[in-house]
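# below is the sequence, then the predicted model.
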Amino acid sequence: SAERTLILVKPDGVSRGLVGEVVGRLERKGLSLVALELRTLERSVAETHYGEHASKPFFGELVDFITSGPLVALVAEGPRAVEASRGLIGATDPVKAVPGSLRGDFATEIGQNLVHGSDSPESAKREIDLFFPGLS
Ligand code: CMP
C-alpha cells in the first residue's frame, strides 16, 4: 500500500538548476507527486524541521543554509516511498554516496548535499504535517 515521504530539493539544488533532475528521478522510479512548492523557509520552520539536530555543532550552519534561498518541498507517494527515495538520494556524506545516487552524482559537501528525504515513515508524517498542513 502507498506510503508518503517529504523530499526537499535544498537551496543548492535549486540554485544549480537540479530541481528537474531530482523530480525526474523520483517520477521515473515510479513515485507520484502529491504536493510540490517552491518556498524560502522561515528560521522557525527550519529549526522545527531539523529539531533532532539542535544540539549538534553544525546546527547553526544547517539552519543558515536551508534558509539561504528558495527550496522545493514535495511529497512523494508510492510503495515504501521512504526507503525508495532514500536509495535514490544516497548517503548523507556525498563523497560516500554511491555514483548513480543523486548525492553521489551531484554533490561533494555534507552541508550542501542537494536533497533531504524523511528517514522513517514517522519522520515523514511529522515533516509532511510541518510543510503541508492539512494535506489530505
Ligand atoms: P539531511 O538529510 O537534510 O539531514 C540533516 C542534515 O545535516 C544532513 O542532511 C546534512 O546536510 C547536515 N549535516 C550532517 N552532518 C553534518 C556536518 N558534519 N556538517 C554540516 N552539516 C551536516
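Perfect, I can see it now. Residues are numbered from 1 along each chain as shown.
# ok so residue 87 is a helix residue?
Yes. Counting by DSSP: H, G, I helix; E, B strand; the rest coil, residue 87 is part of a helix.
# now it. Nearest residue, chain neighbours left out?
residue 101 (7.3 Å; CB to CB, 6 or more residues apart in numbering). (Glycine included, C-beta is placed from N, CA and C.)
# now do the same contact list for that neighbour.
87, 88, 89, 90, 91 (CB atoms under 8 Å, 6 or more residues apart in numbering).
# could you single out the nearest of these to the ligand?
When these are compared for distance to the ligand (CB to the nearest ligand atom), residue 89 wins out at 7.8 Å.
# what about the closest one, how many residues nearby?
24 (other CB atoms under 10 Å).
# the one 10 residues further on too?
Residue 99 is flanked by 8 other residues according to other CB under 10 Å.
# equivalent analysis for residue 78, please.
18.
# tell me who's in contact with it.
2, 3, 29, 30, 31, 32, 84.
# can you list the residues of this structure near the ligand?
Contact residues (CB under 6 Å from any ligand atom) of the chain with the ligand: 53, 58, 61, 62, 92, 110, 111, 113, 116.
# quick check: residue 131 vs residue 116, distance?
11 Å (CB to CB, to the nearest Å).
# ok, back up a step: keep only those of the contacts of residue 78 that are in strands.
The strands, defined by DSSP state E, take in 2, 3, 32 from the contacts of residue 78.
# got a PyMOL select line for the buried ones in those residues?
The buried subset of those, as determined by 16 or more other CB atoms under 10 Å, is captured in PyMOL by this line:
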select buried, resi 3
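# among the ones in strands among the contacts of residue 78, which one sits closest to residue 125?
Distance to residue 125, by CB to CB, is smallest for residue 3 among the ones in strands among the contacts of residue 78, at 10.0 Å.
# what bridges to the closest one?
Beta-bridge partners recorded for residue 3 (DSSP bridges): residue 78.
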